[in-house]
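In: After the sequence you'll find the predicted model.
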Amino acid sequence: MTAWVTGTLSGVLVLVVITNFYILNTGRYVNAVRAVALQGCLLSLLPLPQALAGSPEAVFLAAGTMIVKGVLMPLILVRVIHSTDEFRVVHPFLGPVASVLLGFAILAVAFRAGAAIPGAVHPHDALMGAVGTATVLCGMLIMVNRRKAVGQVIGFLILENGVLVLSLRISRGLPFVIELAILFDVLLAAMIFGGFIQSVHAQFSHTDVSRMRKLKG
Amino acid sequence: MLWALAAVPLMAALVCLLIPRRSAVFTWVILGSAAETALAAAAVSAVYRRGGLEACFGHLALDALSAFHLCLVTGIFLFSSIYARDYFDHEDSDRSLDDREARKFGALWFSFLGSMVGVLIFNNVGLMWVALESTTLASAFLICLHADRLSVEAAWKYLIICSAGIVLGLLGTVFIYGASVAAGASGEGALQWTSLVTHAGQMDPGLVKIGFVLIVVGYGTKVGLAPMHAWLPDAHSQAPTPVSAVFSGVLLNCAAYCICRFLPIVSAAAGGPEWGGRILTGFGLASMMVAAVFVLIQRDVKRLLAYSSVEHMGIITVGLGLGPAGCAAALYHTLNHSVSKTLAFFCAGRLVQRYGTRNMAGIVGSAAACPTWGTGLFTAILILIGCAPGAIFMSEFLIVRAGIAGGHMIVSAIFIASIAVVFCGALRPAIVMAAGDPPPRMEPPRPETVGARWLAAAMIAWLIFTGVWMPPWLSSAFDRAARLITDP
């Protein structure tokens, strides 16, 4: 593998981490969605080595990821945010400073864990494992740290992105058919999440999930 | 034949959208489920005669384990479809379905069936994941068919918790795939279950172990294992009763089936079944203990049944962790739990309609007020908590025997203690609901259809019959399926 490919991939991975931190920190859901869109586009660059090796499937998959994660899903989320009229991250359980600090802790843990994944071949493999693990954990943090339904969906999408990075690290991606099926499934999930948030809004006239606690015990 | 199994529900779902009238939709739902059950029966009998079915270049496959679950899924779906028509006919007019909602129900119902059949017939564990995620997406709207606050809350929790959990299952699958590629499998074959099992011996145990833990946590969320069970009581209590019955009766089993598929891989890679078994028994016992605590404090009859599902899924998971004898007993328990829990939900749903409350303190004298469903619920709860000679008593006994024979004394002791707590906790409300005089101001019952009575009677008869005597073909079916889990 040529040096510039390794360099580009490492750069892309660092940018993925930066988008994670931006989403942890931002107070506006629309900005968070833009960052998720950027992250989706970045992810579509990761199968670059396979695409350069002349695999048409990798190119097709990269295009599909770019369209689904970079364009369609963010569009759905932005529409949902506008229709429910909830733009701001209100009273997260951990404030922006605390979440960013926790994000650093996650990153430190992820570097230890990512290096421990066996089977590293390329020089950027350790970084990829670390970034994947950090993205998965950040996604979980965002899911539990947002009160609004749309914030949880953003967390879910980041979690899924992390799994995608890890799948590239561990096994150079899943087989083509499976990747396509997963992509389609995630798109369907985003659409259903979107529809659901609207019916939550219709019932409660807010989408604050932490205030939905009628059912317990 | 496998093609047809996948195609029938999809076609049926599309046709549902075209039917104008509600009564016709319900007839179509019953007909479609019956056709799918007949197809499944034909496929399963072919599996038992020839040892396996394959189609589409090995992408679709049916073996003894998936055939067993396929029978269960289609059978319970058929029962619930028959029940659904009665159930929605007896709903109050403001909660009943109009023509449009009935079409929506039919289409979602069949897509739910189709995705569950997909989980069972895909040979590829990646596609199995896709199908399991689709079951979540198809069924979330079934929970809030009547959109009110509580059901939307339950459905949202279900959607978000199960989706997040299942993504962890995907991550686990990725780890197993990585191990399989490193062990020499390549391309799409590397995710096919049959090839995973052949390569399992050479896989990196570290990767497989991480993957298996993620799979148990991820798919376990959908099974309802504690501590990931938070969605289960809410979804089961808020969904319309035919949907609760299907959730409890087969959806949880489908997720447990996915874990079963990975058990032989981790056993071969880790050099023995002990490691995977310990994880499963740990999660299983945790679920049983959590359920035992929560059963004691329930006031809502459907929540009581939901926590009982957590308990029984725990029992099945413990059984899976106890070696070949335990696996066969766990499959037997899967069958028993599905039939009895479906029956319990059927009865509870109609009683709730009759009394207008889900609070067990308000449901008194049900055996006198509506004999079919009152006695049905009482019997079903007795069987569920493990009264002899019910079938569940037998399967629990077999699991304990497998535990003691394998030297797992502490596991067996905790197992018996949890069952005892649930027994006492659920017996009291069951007696209160069945015995006594019905409240004086109740309008006279609408007559039950003959079909409903026969459905309840047949299910109880089956549960007691298989508890007393297990036909040889049934026990050989369990043994063949268990061999695929422990030693394929």
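Out: Received it, and whenever you're ready, just let me know what you need. Numbering: from 1, shown residues only, chains lettered A, B, ... in the order given.

In: Please make it C-alpha for all contacts and neighbour counts, starting now.
Out: Fine.

In: All the helices of chain A, residue numbers only.
Out: A:3-25, A:29-45, A:48-52, A:56-65, A:73-84, A:96-116, A:125-145, A:149-171, A:176-204 (DSSP state H).

In: nearest residue to the residue minimising distance to the centre of chain A other than its sequence neighbours?
Out: By C-alpha atoms, centre = their mean, chain A has its centre lying nearest to residue A:158, at 2.0 Å. In space, and not counting its chain neighbours, residue A:158 is closest to residue A:139: 4.8 Å by C-alpha to C-alpha, 6 or more residues apart in numbering or on different chains.

In: The closest residue to chain B within chain A and residue B:191, how far apart?
Out: The minimum distance from chain A to chain B, using C-alpha to the nearest C-alpha, falls at residue A:171 (4.4 Å). Applying C-alpha to C-alpha, to the nearest Å, the value for residue A:171 to residue B:191 is 11 Å.

In: before we move on, what about residue B:422?
Out: 40 Å.

In: Which one of those two is surrounded by more residues?
Out: When neighbours are counted by other C-alpha atoms under 10 Å in any protein chain shown, residue B:422 and residue B:191 differ, and residue B:191 comes out ahead with 27 against 24.

In: That one: what's it in contact with?
Out: B:124, B:125, B:126, B:177, B:180 (C-alpha atoms under 8 Å, 6 or more residues apart in numbering or on different chains).

In: Buried residues in stretch B:90-102, which are they?
Out: Using 16 or more other C-alpha atoms under 10 Å in any protein chain shown as the test for burial, stretch B:90-102 gives B:96, B:97, B:99, B:102.

In: Show me the strands in chain B, by range?
Out: Using DSSP state E, the strands of chain B run over B:53-55, B:60-62.

In: Extract the CA atoms of the lowest-mean-pLDDT helix or strand in chain A and return them as PDB.
Out: Every helix and strand in chain A was compared by mean pLDDT, DSSP states H and E; the lowest is helix A:48-52, with a mean of 79. Only the C-alpha atoms of helix A:48-52 are listed here, as PDB (Å, rounded to 0.1, in the frame of the first residue of the first chain):
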ATOM      1  CA  LEU A  48     -10.400   3.700  -0.800                       C
ATOM      2  CA  PRO A  49      -7.600   1.000  -1.000                       C
ATOM      3  CA  GLN A  50     -10.000  -1.600  -2.400                       C
ATOM      4  CA  ALA A  51     -11.400   0.900  -4.900                       C
ATOM      5  CA  LEU A  52      -7.900   1.800  -6.000                       C
END
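
In: How much space separates the residue of chain A closest to chain B from residue B:190?
Out: Residue A:171 is 11 Å from residue B:190, by C-alpha to C-alpha.

In: list residues touching both of these two?
Out: Residues touching both residue A:171 and residue B:190 (C-alpha under 8 Å, 6+ apart) are B:177, B:181.

In: More neighbours: which of these two?
Out: Legend: neighbour count by other C-alpha under 10 Å for residue A:171 and residue B:190, higher for residue B:190 (26 against 19).

In: Tally up the residues packed near the residue in chain B positioned nearest to chain A, please.
Out: Residue of chain B nearest chain A, by C-alpha to the nearest C-alpha: residue B:178 (4.4 Å). Look at residue B:178: counted by other C-alpha under 10 Å, it has 29 neighbours.
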